[in-house]
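K.L.:
quick check, what structure comes out for this input:
(chains A and B)
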Amino acid sequence: MLSVIKARAKQKYRTSRYPAEAPVMPDRFQGLPEVKPDACGADCQAGCVQACPVGAVSRGGGRLAVDLGRCLFCGECERACPHGCIRFTRDHALAARSREAFVRDGGPKPLAAALDGRLRKLYGRSLKLRQVSAGGCNACEADCNVLGTLVFDLGRFGIQFVASPRHADGLLITGPVTKNMELALRKTYDAVPEPRIVIAVGACAIAGGPYIDHDEVRNGAASVVPVDLYVPGCPPNPWTILDGLLRLLGRIPDHAG
Amino acid sequence: MSTPRTLRMGEAVPLAEIPRLDTAGFRARVTDVAWRLRLVALFGRPSYALTASEGRPSSSSVAAEGQSAVEPGAPVTLTAIFADDRNGQMQAFSTDVGASYPALTPDCPQANGFEREIAEQWGVRPEGHPWLKPLRYHRSAVPGRDAWGRAPGTAIEPSVTDFFRVEGEAVHEVAVGPVHAGVIEPGHFRFQCFGETVLHLEIALGYQHRGVEQALRHGDARRVMPYMETLAGDTTIGHATAYAQALESAAGARVSARAHALRAVALELERLANHTGDLGALAGDVAFLPTMSYCGRIRGDFLNMTALICGNRFGRGLVRPGGVRWDLDPARKDELLSRLAAAEADTKSAVELMFDSPSVLARFEETGTVSFDECESLGLVGPAARACGAERDVRQDFPGGMYRFQQIPVGTWSTGDVFGRAFVRWLEIQRSIAFIREVLQTLPEGDVLAPCGPLAPDSLVVSLVEGWRGEVAHVLITGAQGQREFYKIVDPSFHNWMGLAIAMRDQAISDFPICNKSFNLSYCGHDL
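P.N.:
Now for the predicted structure:
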């Protein structure tokens, strides 16, 4: 018993003061890309478009745009561009409520708006989620799990992962939704009582990630169930996931970040 | 019978030197070596992948026909790769088969999963296989050929198949999954129980199948690194390094000592994060909450050290063929060393607390035991094998990169139970920390990334890496123009899932969570 108390003292108090204090991201972290379509050179060979493994970079009508929903944050486009039109910043706040909001072409940054009306009243202070991995590689799953550890302490925000869809207010889906998981995902969704929300975490769950357009997958959660919040990344940093969840619940002011 | 071609890890062997036996000779060779050597890989590949040096047309004429280039009725080449761990050598041999061949599994249980995979991927039926079921529930790559005779139009649903069933009064069945109670990947577990006692557990996977190997054969070359880094996302460094090593071997590329050192640091950090997380989760499963809380956090500290090197907690974007993409400046190295020291002290306090608690030991000891003989006949790898007393570790037996210069002691235990698997992890945590410190303190100078160069044509390379779960094996076969003709991935979980099923025999069903966690296998790494 004494050794338990001794270890407790040695391990210290580790819970972060987030969201009052912003998290410090690693200096090499690749977060929100800054896109400057007007800086594209006249001689541009669109190397960025060719470099992207998943078709997230486009120059439709000659205007450069990056789709954060598809993006793996690998930085290949940034390396391919001689004019510095794409630059990944350390900004970790990336979540959005719609797929369209992710198309970055120099406009203002999309920030997830809070749920409104009844849903916010119901879930703003207590949200129970059932996690479903549908082809996830265990990186998104691991960084959802980590939110339960004492640094993030998800419970203090009233958010909790529960064991049964019957106990849940919504689903948190990871993975591109393999065809072999489609039925199980539908059944799990149907088992969640209404009103229910769905959160898609990671590039795979948003658009298929590296597996986009494979015969074996469905290109993301929205192809099977309606999605209320998308969290980009491969995998998203835990701070990115937490930021998205708190914005959805209206626990971070819309203008912050 | 021709003499076997001995090959070393990371050696590009001309395909023509790999003995091609008739099916009876192949079977005799497998039976002959199965009791003393370990099966690294056994795979099929379509005849179109056979190149001119083997007396077959090259793929270049076929590739133009597009993706479904496998001709109906074409023969399939089986290749077996066995490892002699003690001598650090492997041997490979091949045979051609038609729609069926006599199964190897009855005489070589290690081949069980591999033969099911061959049947599913190529529609080749191993006749006499004791339990021939699909692994991943997809259609074969050979049009019109199906090992189970399913008509082309019929739907293939996961787990819709036979299950082993125990009959009798008071015998009951418990089915769990694919969606589980925790934040965990999907799989289906079916227990045959007599009261609380599990007589048999059958594990049905395939829900995570994303078509990685198929895409590596036909897909977009730009996606190859993302595939490698996500085919088992918690083993990003392990699989990315195995791929890079395979390419570098085929290209004869020189990778700088500094790049090798940084890869080894990243690989050990991956091991540290996962092992620490597993010890915490094991503590949680027996309701020992202090160690669960501390280790859960410390796991994040190790992930953040990887993020310090490359920005991503899982090491995405770090390892590339030819080296690594991020270097360590002196300040970063010092920061890494100081974080490592802090994490070392925290881990020691958290883990020793657990191993000093009789209530924890009472739950770990003699739970989920796998015997040494079972371990050998199933060909288990990684901490699961070392916990059974098998001194087997790629870092020692088939060292590549940094491990050729700096050794790391192999930690073993003899009990084969949950305690053994937990304790081996703890031994490895301590040794990995010491290893990283040593490597960082003697970090070689030089560049970290060089071009890889063209691949040798008509060659086969076996690339092995000791991932945190065990042996990560990649096999690369190049074609006549030095193109990537065929690629085979064997995640350590592929060998070890059967170990979990065996560990559960005669166990209380309530011990399943700690048994499962003590293996902590990859679903997506198996399903690919």
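K.L.:
send me stretch A:66-80 as PDB with only the CA atoms.
P.N.:
As requested, the backbone C-alpha atoms of stretch A:66-80 are provided in PDB (Å, rounded to 0.1, in the frame of the first residue of the first chain):
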ATOM      1  CA  VAL A  66      -6.200  21.200 -51.100                       C
ATOM      2  CA  ASP A  67      -9.000  18.900 -49.900                       C
ATOM      3  CA  LEU A  68      -8.200  18.400 -46.200                       C
ATOM      4  CA  GLY A  69     -10.700  15.500 -46.100                       C
ATOM      5  CA  ARG A  70      -8.600  13.500 -48.400                       C
ATOM      6  CA  CYS A  71      -5.200  14.800 -47.200                       C
ATOM      7  CA  LEU A  72      -2.800  12.400 -45.500                       C
ATOM      8  CA  PHE A  73      -0.600  15.400 -44.300                       C
ATOM      9  CA  CYS A  74       2.400  13.700 -45.800                       C
ATOM     10  CA  GLY A  75       3.800  16.900 -47.200                       C
ATOM     11  CA  GLU A  76       4.600  15.600 -50.600                       C
ATOM     12  CA  CYS A  77       2.800  18.600 -52.300                       C
ATOM     13  CA  GLU A  78       4.800  21.100 -50.200                       C
ATOM     14  CA  ARG A  79       8.100  19.400 -51.200                       C
ATOM     15  CA  ALA A  80       7.000  19.400 -54.900                       C
END
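K.L.:
what does the stretch 151-257 of chain A have sitting close to chain B?
P.N.:
Contact residues (Cβ under 8 Å from any Cβ of the partner chain) of the stretch 151-257 of chain A with chain B: A:151, A:161, A:163-165, A:175-176, A:178, A:180-181, A:183-184, A:188, A:204, A:209-211, A:214-217, A:234-235, A:237-238. The C-beta positions use only the backbone N, C-alpha and C, and glycine is treated the same way.
K.L.:
and the buried ones among those, selectable in PyMOL?
P.N.:
Restricted to the buried members of these, where burial is judged by 16 or more other Cβ atoms under 10 Å in any protein chain shown, the PyMOL selection command reads as follows:
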select buried, chain A and resi 151+161+165+175+176+178+180+181+184+188+204+209+210+211+214+216+217+234+235+237+238
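K.L.:
among the residues of the stretch 151-257 of chain A next to chain B, which lie within helices?
P.N.:
Those of those mapping onto helices are A:180-181, A:183-184, A:188, A:204, A:238, per DSSP state H.
K.L.:
dump these to JSON lines, plus pLDDT.
P.N.:
Output for those, formatted as JSON lines (pLDDT from 0 to 100):
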{"residue": "A:Asn180", "pLDDT": "96"}
{"residue": "A:Met181", "pLDDT": "96"}
{"residue": "A:Leu183", "pLDDT": "96"}
{"residue": "A:Ala184", "pLDDT": "96"}
{"residue": "A:Thr188", "pLDDT": "97"}
{"residue": "A:Cys204", "pLDDT": "97"}
{"residue": "A:Pro238", "pLDDT": "97"}
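K.L.:
can you say which two of those residues are spatially most distant?
P.N.:
Across those, the two members that end up farthest from each other (Cβ to Cβ) are A:Leu183 and A:Pro238, 30.0 Å apart.
K.L.:
quick one, what contacts B:His180?
P.N.:
Taking Cβ atoms under 8 Å, 6 or more residues apart in numbering or on different chains as the contact definition, B:His180 lies against B:186-187.
K.L.:
name the SS class of it, please.
P.N.:
Taking DSSP: H, G, I helix; E, B strand; the rest coil as the rule, one finds B:His180 in the coil state.
K.L.:
swap in the one 4 residues further on?
P.N.:
Classification of B:Ile184 by three-state DSSP places it in coil.
K.L.:
that one contacts A:Ser133, correct?
P.N.:
Yes: with contact taken as Cβ atoms under 8 Å, B:Ile184 and A:Ser133 are classed as touching, separated by 6.8 Å.
K.L.:
higher neighbour count, those two?
P.N.:
Set side by side, B:Ile184 and A:Ser133 show unequal neighbour counts under other Cβ atoms under 10 Å in any protein chain shown, the larger going to A:Ser133 at 31 against 20.
K.L.:
from A:Ala205, how far out is that one?
P.N.:
Distance of A:Ser133 to A:Ala205, computed by Cβ to Cβ, to the nearest Å: 9 Å.
K.L.:
you'd agree B:Gln309 is in a helix?
P.N.:
Slight slip there: residue B:309 is Ile, not Gln. Yes: B:Ile309: assigned to a helix according to three-state DSSP.
K.L.:
does stretch A:131-139 come close to chain B?
P.N.:
Yes: shown here: stretch A:131-139 in contact with chain B (Cβ under 8 Å from any Cβ) through A:131-139.
K.L.:
narrow those to those in helices?
P.N.:
With helices taken from DSSP H, the overlap with those comprises A:Ala139.
K.L.:
pull the most distant pair out of the residues of stretch A:131-139 next to chain B.
P.N.:
The distance between the two most remote of the residues of stretch A:131-139 next to chain B (Cβ to Cβ) is 15.7 Å, for A:Val132 and A:Ala139.
K.L.:
roughly how far does B:Pro143 sit from chain A?
P.N.:
When Cβ to the nearest Cβ, to the nearest Å is the yardstick, B:Pro143 and chain A sit 14 Å from each other.
K.L.:
how many residues are close by that residue?
P.N.:
Using other Cβ under 10 Å as the criterion, B:Pro143 is surrounded by 14 other residues.
K.L.:
ditto for A:Arg17
P.N.:
The tally of other residues near A:Arg17 (other Cβ under 10 Å) stands at 8.
K.L.:
got a list of what it touches?
P.N.:
By Cβ under 8 Å, 6+ apart, the contact set of A:Arg17 is empty.
K.L.:
could you confirm it falls within a helix?
P.N.:
No: if the criterion is three-state DSSP, then A:Arg17 is coil and not within a helix.
K.L.:
brilliant, that's me finished.
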